[in-house]
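J.: Output the structure for:
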Amino acid sequence: MKKTRKILLISAVSCIIIGIVLIICSVSAAGYRMENLLRDKRVKNLMEISEPFDSIDIQTNLDSVSFVSAEGSGAAIEMYEGDKAHYTVEVQDGKLTIRYDDNREWYSFMSLHFPTSRELKLFLPSDTYKSVVIKTNIGSVTIPDSFRIEELSVSADIGSVKVPKATG
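T.: Numbering: from 1, shown residues only. As a prediction, the model looks like this:
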């Protein structure tokens, strides 16, 4: 074997061994809990909506959207938010608007990612809604048949849309 090839092989094996040692040290420092290595800590929040609305407009990037029938007339939203990625929720002129604001830097996406729940759950009364507009880039949309929606627009670039008994 040539001398340069031996040097390159020894260098490559050394880099692999150093990488493995660094990974073991990082996992050990995190208490063997992989979620401690994540940069953006996500917290589950429940927001109650007291204002009346009959239209819904949702725009999110990576979350699945699920409608859940709620008891009574109150509405609530269950969402997972991070330090620099959060939802803006407002009711104005009878329209519930939910927007996902991601203010993270471009390099924050280059970290360890482990599966965490990325679901936006809307606990709503099974009323009739005039208009529902949902746009998600990656994620599924689920609306049970207990909801009556006059005009529905769903856009999901990657994911599934489950709306049983839909017509039109």
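J.: Kindly state the beta-bridge partners for residue 133.
T.: Residues in a beta bridge with residue 133, per DSSP bridges, are residue 57, residue 153.
J.: Could you pull up the residues touching it?
T.: Neighbouring residues of residue 133 by C-beta atoms under 8 Å, 6 or more residues apart in numbering: 56-58, 153. In short, each C-beta sits where N, CA and C put it, glycine included.
J.: go on, residue 129?
T.: 54-56, 147-150.
J.: Which helix or which strand is home to residue 62?
T.: Element membership for residue 62, per DSSP states H and E: none, as it lies in no helix or strand.
J.: actually residue 28, sorry about that
T.: Using DSSP H and E, residue 28 sits within helix 3-29.
J.: roughly how far is that helix from the heart of the chain?
T.: Helix 3-29 sits 35 Å away from the centroid of its parent chain (C-alpha atoms, centre = their mean, to the nearest Å).
J.: So what touches the very next helix or strand once past that helix?
T.: Scanning forward in sequence from helix 3-29 by DSSP H and E, the next helix or strand is strand 43-49. By C-beta under 8 Å, 6+ apart, the residues outside strand 43-49 that reach it are 74-82, 89, 91, 96, 117.
J.: Packing partners of the helix or strand bottoming out on mean pLDDT in the chain?
T.: Lowest by mean pLDDT, DSSP states H and E among the helices and strands of the chain is strand 161-162, with a mean of 82. When contacts are defined as 3 or more C-beta pairs under 8 Å, 6 or more residues apart in numbering; DSSP states H and E, strand 161-162 packs onto strand 141-142.
J.: and the strand it packs on, what other elements does it pack with?
T.: If you count contacts as 3+ C-beta pairs under 8 Å, 6+ apart, strand 141-142 packs onto strand 64-69, strand 161-162.
J.: who touches the longest one?
T.: Meaning strand 64-69. Identification of contacts with strand 64-69 by C-beta under 8 Å, 6+ apart yields 58, 118-126, 134, 136, 139-144, 146-147, 159.
J.: from what I can see residue 74 touches residue 51, true?
T.: No. The pair residue 74 / residue 51 is not scored as a contact, 10.8 Å apart, by C-beta atoms under 8 Å.
J.: Buried residues, stretch 78-88. List them.
T.: Buried residues in stretch 78-88, defined by neighbour count with 16 or more other C-beta atoms under 10 Å: 78-82, 85-87.
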